[in-house]
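**Student:** Can you look at this prediction? I've put the sequence above it.
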Amino acid sequence: MLERLIKTKKAKIGIIGFGYVGLPLALELNRQGFSIIGVDIDKERVDKINRGISFIDDVPQVELARFVKQKKLSATTDYKKLRDADIIIICVPTPVNANKEPDLGPVINSSENIARVLRKNQLVILKSTTFPETTEKVVLPILNQRGLKVGKDFYLAFCPERIDPGNRRFGVANTPAVVGGVTKRCTRIATLFYRQFVNNVVPVSSARTAEMTKLLENTFRNVNIALVNEFAQLCERMGNINIWEVIEAAKTKPFGFMPFYPGPGVGGHCIPVDPYYLSYKAREYDFHTVFIELSARVNEEMPYFVVNKTIEELSRSGICPKQAKVLLLGMAFKKDISDLRDSPAIKVYQIIKDRVAKLEYNDPHVPYFELNGRKIRSVKINFKSLNKYDAVVILTDHSAYDYEKIVRYARLIIDTRNAIKKENRKVKKLGCGSNCFNTPSF
């Protein structure tokens, strides 16, 4: 019954969480002929979607509005609307608390609401990044309260999200999907569903294997970014080695090396968070992920390193930091997007604001952000007026910035992204001490 609905694209899809994962997923399902009902606790977000207004860079507003008008896509705050859904996908946040421990509150809340409407022949898929055994030991016991048997009456699987905000090459359809079910039949049905809209689907032996796969992917990135961030700090300390030149030279090796780049820290929802989910679960087995936790710590310390470098370069230029005016360029966690989730640029702002006389920021993609309940607004850039700032700090290398003009008019530039390639003595690069300058052309 469910398989036939999937194959004919008549299965109704419910998505819990209409954010950076849920909304792009909904749009791709729409493109393939499925109808979507989305549930989100944010009423303002729900209202925007129902008016066809996109708030995510990767979701074209024209396309979103068309599907809303065709009644192929709608949003609500009412979980009861999921009664009619044949497939329910959980795409809620999985943050950490102040003690860096997993907060599964959104997943548990979603599961409890699904349990109230769960019926026979429904497929439930968890996409939210989490530690292994969440699907089987957290979600499943909640759904079992209905008295239905998993693998027979209803189906449960995990399929990790692989959204890369701002990536124009890889989206939902052409990024392989890993699928692991609680039973073999759960895996089979979930795989059938994903094959309707994803080019390459990779079934694995269990939900916990799929969960661990996601953590390996992001921990791999976190560890390698931490490694190159430590190299950057060492090059900075030595004073006459340019980390960017080192990376460019290492890239010429056609095997055994994959380039990663230093920066002001790591951002986005997954990479700064996933190592803590893994280490939390590992402790349950008396296993301490020392190497992984150390990598997370290195990356979390990078905003402090950037601030210290800025203060040091101001002092070296004869400017008292306490009297300095500083401009930060870029608040988003990566270039050409508006995503602020766990952005290291915000951390830099927090750390440096009390150490200088005046602090402002500009980001063409982020008109404002909130800090301690207060809206901080982006200032407009007049390139000729950049010289009123004692230092300009490049935190996000947006394509919209005219770096030639920034170099021409700014007095002092702290470049944390290697955005400025040409050699210039007033450009101070992360991972490059005072005795070396910019990356040569390769």
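**Tutor:** Cool, got the structure.

**Student:** Need the three-state assignment for Ile125.
**Tutor:** In three-state terms, and counting by DSSP: H, G, I helix; E, B strand; the rest coil, Ile125 is strand.

**Student:** where does Asn167 land on pLDDT?
**Tutor:** Here, the pLDDT recorded for Asn167 equals 88.

**Student:** Any stretches of the protein with poor pLDDT?
**Tutor:** 434-442 (pLDDT under 70).

**Student:** Next one: Thr94 from Ile420, what distance?
**Tutor:** 37 Å (Cβ to Cβ, to the nearest Å). (Each C-beta comes from the backbone N, C-alpha and C, glycine too.)

**Student:** which residue ranges form the strands in the stretch 51-200 of the chain?
**Tutor:** According to DSSP state E, counting those that start in this stretch, the stretch 51-200 of the chain carries its strands in the segments 73-76, 87-90, 123-126, 155-158, 177-181.

**Student:** how about the ones you listed in JSON lines, adding mean neighbour count?
**Tutor:** Below are the strands of the stretch 51-200 of the chain laid out as JSON lines (neighbours: other Cβ atoms under 10 Å):
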{"stretch": "strand 73-76", "mean neighbour count": "22"}
{"stretch": "strand 87-90", "mean neighbour count": "26"}
{"stretch": "strand 123-126", "mean neighbour count": "28"}
{"stretch": "strand 155-158", "mean neighbour count": "28"}
{"stretch": "strand 177-181", "mean neighbour count": "25"}
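
**Student:** Out of the ones you listed, flag the one nearest Lys9.
**Tutor:** Set against Lys9 and scored by Cβ to Cβ, these come closest in strand 87-90, at 11.6 Å.

**Student:** one step back: just put the strands of the stretch 51-200 of the chain in a markdown table and tack on distance to Val298.
**Tutor:** Shown next, in a markdown table, are the strands of the stretch 51-200 of the chain (distance: least, Cβ to Cβ, whole Å):
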| stretch | distance to Val298 |
| --- | --- |
| strand 73-76 | 40 |
| strand 87-90 | 32 |
| strand 123-126 | 30 |
| strand 155-158 | 29 |
| strand 177-181 | 28 |
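
**Student:** what's the closest of the ones you listed to Glu312?
**Tutor:** strand 177-181 (44.8 Å).

**Student:** and the closest one, what other elements does it pack with?
**Tutor:** strand 155-158, helix 184-194, strand 201-203, helix 207-238 (3 or more Cβ pairs under 8 Å, 6 or more residues apart in numbering; DSSP states H and E).

**Student:** again, only using 10 Å
**Tutor:** strand 123-126, strand 155-158, helix 184-194, strand 201-203, helix 207-238 (3 or more Cβ pairs under 10 Å, 6 or more residues apart in numbering; DSSP states H and E).

**Student:** ok, the closest residue to Cys270 other than its chain neighbours - contacts?
**Tutor:** In this structure, Cys270 finds its nearest non-sequential neighbour in Asn218, 4.8 Å apart by Cβ to Cβ, 6 or more residues apart in numbering. Going by Cβ atoms under 10 Å, 6 or more residues apart in numbering, Asn218 touches 129, 160, 162, 266, 268-275, 277-278.

**Student:** in a helix, that's where Leu359 is, yeah?
**Tutor:** No. Per three-state DSSP, Leu359 lies outside any helix segment and is strand.

**Student:** Quick check: it vs Arg185, distance?
**Tutor:** Counting by Cβ to Cβ - Leu359 and Arg185 are separated by 57 Å.

**Student:** out of those two, which sits in the busier spot?
**Tutor:** Leu359 (19 against 13; other Cβ atoms under 10 Å).

**Student:** can you map out the helices along this protein?
**Tutor:** 2-7, 22-31, 43-50, 61-69, 105-117, 134, 140-143, 184-194, 207-238, 243-250, 274-283, 290-316, 344-352, 403-409 (DSSP state H).

**Student:** Now tabulate those helices in TSV and tack on distance to Pro259.
**Tutor:** Formatted as TSV, these follow (distance: least, Cβ to Cβ, whole Å):
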stretch	distance to Pro259
helix 2-7	41
helix 22-31	27
helix 43-50	37
helix 61-69	34
helix 105-117	35
helix 134	33
helix 140-143	41
helix 184-194	31
helix 207-238	8
helix 243-250	6
helix 274-283	21
helix 290-316	17
helix 344-352	20
helix 403-409	21
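
**Student:** In the protein, which residue sits furthest out from the middle?
**Tutor:** No residue in the chain sits farther from the centre than Gly318, which is 38.7 Å out by Cα atoms, centre = their mean.

**Student:** measure the closest residue to Ile414 other than its chain neighbours to Ala345 for me?
**Tutor:** Nearest residue to Ile414 in three dimensions, chain neighbours excluded: Val393, at 4.4 Å (Cβ to Cβ, 6+ apart). As defined by Cβ to Cβ, Val393 lies at a distance of 9 Å from Ala345.

**Student:** Which neighbours do these two have in common?
**Tutor:** With Cβ under 10 Å, 6+ apart as the test, Val393 and Ala345 both reach 264, 306, 328-330, 361, 416.

**Student:** Surely Ile241 and Gly431 touch.
**Tutor:** Yes. Ile241 is within contact range of Gly431, at 8.5 Å (criterion: Cβ atoms under 10 Å).

**Student:** for the stretch 301-442 of the chain, what spans make up the strands?
**Tutor:** Going by DSSP E, counting those that start in this stretch, the stretch 301-442 of the chain shows strands at 325-329, 358-362, 368-371, 374-377, 391-394, 413-415, 427-429.
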